[in-house]
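Trainee: I would like the atomic coordinates for the input below:
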Amino acid sequence: MHNRKIRVLVAKPGLDGHDRGAKVIARALRDAGMEVIYTGLRQTPEMIATAALQEDVDAVGISILSGAHRTLCPRIVDLLHQNGMTDTLVLVGGIVPEEDIAQLKENGVSEVFLPGTSTEDIVTFINANIRAQN
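Mentor: Below you'll find the model as predicted:
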């Protein structure tokens, strides 16, 4: 069991400038007792992976609406793994076509949450998977 709060980095990669959903998720995770680090808009995969390493997070939540998920998400996973963060959960939320979900999971994404997913479901998923690792 964790001796500290679960730490989650919430990131907005690429040129997507809409962050309302990311902020809603960040608040829900914080309200559930997690420590949340929000990186802000227009982050590169390198910036996200560096922040995740520096902040020693348990999970990285990627909010993406731009359609670049098939390029950006695998790159973030690869960079995390290169930095030894192979146990870090990588969650994707936003506009992702159903036919792309299996490929994202094959590329190391732990779960994809589509619009309309309850914040409780996301909190439950993170809690269950972080506990399973410990």
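
Trainee: okay, CA-based contacts and neighbour counts for the rest of this
Mentor: Fine.

Trainee: need the contact list for residue 113.
Mentor: 91-94, 122 (C-alpha atoms under 8 Å, 6 or more residues apart in numbering).

Trainee: now intersect those with the strands, please.
Mentor: Secondary structure of those is defined by DSSP state E; positions in strands are 91-94.

Trainee: how about the strands in this structure?
Mentor: 7-11, 35-38, 59-64, 89-94, 111-113.

Trainee: let me see the contact set for the residue lying closest to residue 68 once chain neighbours are set aside.
Mentor: Distances taken as C-alpha to C-alpha, 6 or more residues apart in numbering place residue 14 nearest to residue 68, at 7.6 Å, with adjacent residues excluded. Counting by C-alpha under 8 Å, 6+ apart, residue 14 makes contact with 41-44, 66, 68, 72.

Trainee: pLDDT value on residue 15, please?
Mentor: pLDDT for residue 15: 85.

Trainee: what sits closest to it if chain neighbours are left out?
Mentor: residue 42 (5.2 Å).

Trainee: could you count how many residues lie near residue 4?
Mentor: When neighbours are counted by other C-alpha atoms under 10 Å, residue 4 registers 8.

Trainee: let me see the contact set for it.
Mentor: Contacts of residue 4 (C-alpha under 8 Å, 6+ apart): none.

Trainee: same thing but 10 Å
Mentor: By C-alpha atoms under 10 Å, 6 or more residues apart in numbering, the contact set of residue 4 is 34-35.

Trainee: model confidence at it, what's the number?
Mentor: 83.
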